[in-house]
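>>> can you look at this prediction? I've put the sequence above it.
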Amino acid sequence: MSDHVASYDAQAERLAAEYEALDPTDYRASYESLLPSGTDLLALDVGAGSGRDAAWLSVLGYEVVAAEPSAAMRSAGMAFHRDRSLRWIDDRLPGLDATHALGLSFDVVLLSAVWQHVAPGDRRRAFRKLATLLKPGGLLVITLRLGPAPVDRPMHEVSLGEVEGLAREFGLIVAKVEHRAGDARRRPSVDWITVAMRLPDDGAGALPLLRGIILNDDKSATYKLGLLRSVAKVADMTPGLARHHPTEDAVLLPLGVVALNWVRMYLPLVSRGLPQMPRNSGPDGLGFAKDGFRALMASGTAPLDLRVGAAFSSERAAAVSGAIREAARTIATMPANFTRYPNSSTSVFAATAVSPRLRGPIVLDAETLTAFGTLTVPGHVWRAMQRLGPWIEPVLAAEWARMVHGYGERQGRSYAPGEIEAALAWVEPVRDVRLARDVALSRMAAGSEVSCVWSGRRLLPDTLDIDHCLPWSAWACGDLWNLMPAHRTVNQRQKRDLLPSAAAMTASREMIVEWWDAAWRGHGALGERFEREATAALPVAPGSASPEVFDGLSWRRLRLQQDQRLPEWPGVAAVS
């Protein structure tokens, strides 16, 4: 699509003005009655151009992501609609990689006069990418331009039959087709077709698949549950480590991070002698519990120590890398291989394990974790784990506890009430803001001004609070990027455990970025930790500048709001 993007860049001012001047009433009437209604609705306008339709959806109450590959058109759209809270993003078909990296799903996906720019050979991939962004019941609207292309913008032929065929292939129902003869700009021989398609409410079947694996699959050990739970934890806590597959509806995870979560979950179970298969107790008989895992047990390493971004040296570095390597091999040969679709020999996951040569200190960053291999997760399974994790996790833990109880009974063992459940509990980070507080106090002692990121007020030691920007009660994240200096009155009487609104975030952008740069970035190990944590949890690339990390934080805020429907705090200006 690069040729047409260049042509739009060159003519952005004229084209944007023409689009804004058109009357879109008839065009919108072709699908407006099908738009989902309700609250907390999210729309994606692909090829948003001047932002005309994105702004209209915003007026209807939607939060709108406007994806536009032309930098000049994005600038024009921002100028035309600066009064609307549109979220502009540089992205394009067929991949929509930046949009998929956000982890969001949409009630409406709109392509107005865009499909003709997608090359025929890219259309199947493009349609799949669009379909997988829809929520169950979501609406995909594509307008097709029929007729000769203008001399200054390359276009490809389109057809209704092609789009209807793609809808059938990817499980969408064609809800409405409307032909419109003629063109609002009175161009000869140009006609339009609007195709509105809906994703059925049962979605792509990921939940029934997962439920079947969890509750019905034949299991000779807890390994399948361990794999599913390890992947679900990546989807919840470190989705930034996922990379979209270049040709399939799937994501590629570093096998090392899946194995890391695996070791973290099994460590307390094995240490307490809780059996993970019918005849095992302790590490004996468990394929992954070899020298590295045993050394990790002997070292007294706590599960919470095993997290993305952690650093290890000496004997513990060797134990950690050995335990991850052993677990990765076991995952690839056992549960990833034998977790299969119903009545099929096809595996749900595909794993390739590698045994890297790691010597000396190690840091569990994306590069290191990828060195252990790759796990491919089907797109619909990944999306279900991202969006429905709070419902999937309890089912996994309950079934795991049931299996361990059964194994123990066969061995003539009994357990105290809650003993197995306590060992299965995922140990969350302890709420600890001491480091951020110490850094802020040190800066004050050195004569530097530290301000509340929400109000701009200068802070003193007795008015300093450290706030979790994304509230701890909703998402237990103590990463450095999530810790903000705030005035005690603002934090404890106003924001509390509320999610900051988009407007509050925008108002505090400069102050948050200034705090990050002053407190963390450029400060050796703290700067490296800040980047590792941001890259793992937010949709940002390694080496991103602080403003880009803020954008990633804003997307994570929106995803948290969409997933959990958290009450929002409007910001200091709105409540004062």
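Received it, and whenever you're ready, just let me know what you need. Residues are numbered from 1 along each chain as shown.

>>> can you tell me what sits against stretch 98-109?
Residues from elsewhere that reach stretch 98-109, judged by Cβ atoms under 8 Å, 6 or more residues apart in numbering: 35-36, 41-44, 46, 57, 62, 65, 67, 89-91, 129-130, 132-135, 137-141, 239-240, 244, 383, 386-387, 539, 555, 558-559, 562. C-betas here are computed from N, CA, C, even on glycine.

>>> out of the residues you listed, which end up buried?
35-36, 41-44, 46, 57, 62, 65, 67, 89, 91, 129-130, 132-135, 138-141, 239-240, 244, 383, 386-387, 539, 555, 558-559, 562 (16 or more other Cβ atoms under 10 Å).

>>> which of those residues fall within helices?
Those of the buried ones among the contacts of stretch 98-109 mapping onto helices are L57, K129, L130, R383, Q386, R387, W555, L558, R559, Q562, per DSSP state H.

>>> adding distance to L215 and pLDDT, write those out as CSV.
What follows is those, written out as CSV (distance: Cβ to Cβ, whole Å; pLDDT from 0 to 100):
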residue, distance to L215, pLDDT
L57, 40, 95
K129, 31, 90
L130, 32, 93
R383, 21, 87
Q386, 21, 86
R387, 20, 79
W555, 34, 92
L558, 33, 91
R559, 28, 85
Q562, 28, 81
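
>>> closest to R488 among the residues you listed?
For these, the minimum distance to R488 (Cβ to Cβ) is 27.8 Å, reached by L558.

>>> list the contacts for that closest one?
So L558 contacts L42, E63, R87, L102, L104, A502 (Cβ under 8 Å, 6+ apart).

>>> quick one: which of those residues is nearest D191?
Using Cβ to Cβ, L42 comes nearest to D191 of these, at 31.2 Å.

>>> can you redo the contacts of L558 as a markdown table with pLDDT?
Formatted as a markdown table, the contacts of L558 follow (pLDDT from 0 to 100):
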| residue | pLDDT |
| --- | --- |
| L42 | 95 |
| E63 | 93 |
| R87 | 93 |
| L102 | 89 |
| L104 | 90 |
| A502 | 92 |
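
>>> which of the residues you listed fall within strands?
Taking DSSP state E as the definition of strands, the contacts of L558 contribute L42, E63, R87.

>>> would JSON lines of these with distance to Y31 be doable?
Listed next are these as JSON lines, based on distance: Cβ to Cβ, whole Å:
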{"residue": "L42", "distance to Y31": "17"}
{"residue": "E63", "distance to Y31": "19"}
{"residue": "R87", "distance to Y31": "22"}
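
>>> what sits closest to Y19 if chain neighbours are left out?
S50 (4.4 Å; Cβ to Cβ, 6 or more residues apart in numbering).

>>> with W520 instead?
F530 (4.1 Å).

>>> pLDDT below threshold where in the stretch 51-200 of the chain?
151, 182-188 (pLDDT under 70).

>>> what's the mean pLDDT across stretch 419-431?
For stretch 419-431, the mean pLDDT works out to 88.

>>> tell me the buried residues in it?
E419, I420, A423, L424, W426.

>>> follow-up on the earlier one: Throw the ones in helices among the buried ones among the contacts of stretch 98-109 into a markdown table and include distance to W515, thanks.
Formatted as a markdown table, these follow (distance: Cβ to Cβ, whole Å):
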| residue | distance to W515 |
| --- | --- |
| L57 | 34 |
| K129 | 36 |
| L130 | 38 |
| R383 | 33 |
| Q386 | 29 |
| R387 | 31 |
| W555 | 19 |
| L558 | 21 |
| R559 | 22 |
| Q562 | 26 |
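
>>> re earlier: what about the residue nearest to W520, neighbour count?
Residues lying near F530 (other Cβ atoms under 10 Å) number 22.

>>> equivalent analysis for L215, please.
Neighbour tally, L215, other Cβ under 10 Å: 11.

>>> roughly how far apart are the closest residue to it other than its chain neighbours and L227?
Nearest residue to L215, sequence neighbours excluded (Cβ to Cβ, 6+ apart): E399, at 6.2 Å. Going from E399 to L227 by Cβ to Cβ, to the nearest Å gives 13 Å.

>>> more crowded one of those two?
Set E399 next to L227 and count neighbours by other Cβ under 10 Å: L227 wins out with 26 against 19.

>>> how much space separates the residue nearest to Y19 from F80?
As judged by Cβ to Cβ, S50 and F80 stand 6 Å apart.

>>> now swap in G552 and tell me
26 Å.

>>> looking at those two, which one has more neighbours?
G552 (22 against 17).

>>> three-state assignment of the more buried one?
What DSSP: H, G, I helix; E, B strand; the rest coil gives for G552 is helix.

>>> remind me, longest strand of the chain?
strand 134-146.

>>> beyond that strand, next helix or strand please.
The helix or strand immediately downstream of strand 134-146 is helix 160-169, counting by DSSP states H and E.

>>> off-centre distance for that following helix?
28 Å (Cα atoms, centre = their mean, to the nearest Å).

>>> tell me the buried residues in that helix?
By 16+ other Cβ under 10 Å, the buried positions in helix 160-169 come out as E162, V163, L166, A167.

>>> show me the two of those residues that sit farthest apart.
Pairwise over those, using Cβ to Cβ, the maximum falls at E162 and A167, 9.8 Å.

>>> in the stretch 451-576 of the chain, which spans are strands?
464-468, 483-487, 499-500, 568-569 (DSSP state E, counting those that start in this stretch).

>>> run the angle between the second one and strand 464-468 for me.
Here strand 483-487 points in a direction 140 degrees away from that of strand 464-468 (axes from the mean of the first three to the mean of the last three Cα atoms, to 10 degrees).

>>> need the residue closest to the centroid of this protein.
With distances taken as Cα atoms, centre = their mean, G103 lies nearest the centre of the chain, 3.1 Å away.

>>> distance of that one from G389?
For G103 relative to G389 (Cβ to Cβ), the value is 11 Å.

>>> what do you get for L35?
Distance of L35 to G389, computed by Cβ to Cβ: 28 Å.

>>> pull the CA atoms of stretch 467-474 into PDB?
What follows is stretch 467-474 as a C-alpha-only set of coordinates in PDB (Å, rounded to 0.1, in the frame of the first residue of the first chain):
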ATOM      1  CA  ASP A 467       0.400   6.600  43.200                       C
ATOM      2  CA  HIS A 468      -0.100   3.600  41.000                       C
ATOM      3  CA  CYS A 469      -1.300   5.200  37.800                       C
ATOM      4  CA  LEU A 470      -3.200   2.100  36.800                       C
ATOM      5  CA  PRO A 471      -4.700   1.200  40.100                       C
ATOM      6  CA  TRP A 472      -3.200  -1.700  42.100                       C
ATOM      7  CA  SER A 473      -6.600  -3.000  43.000                       C
ATOM      8  CA  ALA A 474      -7.400  -3.700  39.400                       C
END
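
>>> list the contacts of that stretch.
For stretch 467-474, the surrounding residues in contact (Cβ under 8 Å, 6+ apart) are 431, 433, 453-454, 477-478, 482-486, 491, 495-500, 512, 553, 556-557, 560, 564, 566.

>>> at 6 Å what do you get?
Residues outside stretch 467-474 that contact it (Cβ atoms under 6 Å, 6 or more residues apart in numbering): R431, N482, M484, A486, N491, D497, L560, Q564, L566.

>>> out of those residues, which are buried?
For the contacts of stretch 467-474, buried by 16+ other Cβ under 10 Å: N482, M484, A486, N491, L560, L566.

>>> give the contact list for the fifth one.
For L560, the contacting residues are L470, by Cβ under 6 Å, 6+ apart.

>>> now do the third one
Neighbouring residues of A486 by Cβ under 6 Å, 6+ apart: C452, W454, D465, D467.

>>> now for the ones in helices among the buried ones among the contacts of stretch 98-109: which two are most distant?
Maximum pairwise distance among those (Cβ to Cβ): 23.5 Å, between L57 and Q386.

>>> returning to that earlier point: how far away is the residue nearest to Y19 from G147?
Going from S50 to G147 by Cβ to Cβ gives 21 Å.

>>> these two: which is more packed in?
Ranked by neighbour count (other Cβ under 10 Å), S50 and G147 place S50 first, with 26 against 15.

>>> before we move on, which element is that one in?
Per DSSP H and E, there is no helix or strand for S50.
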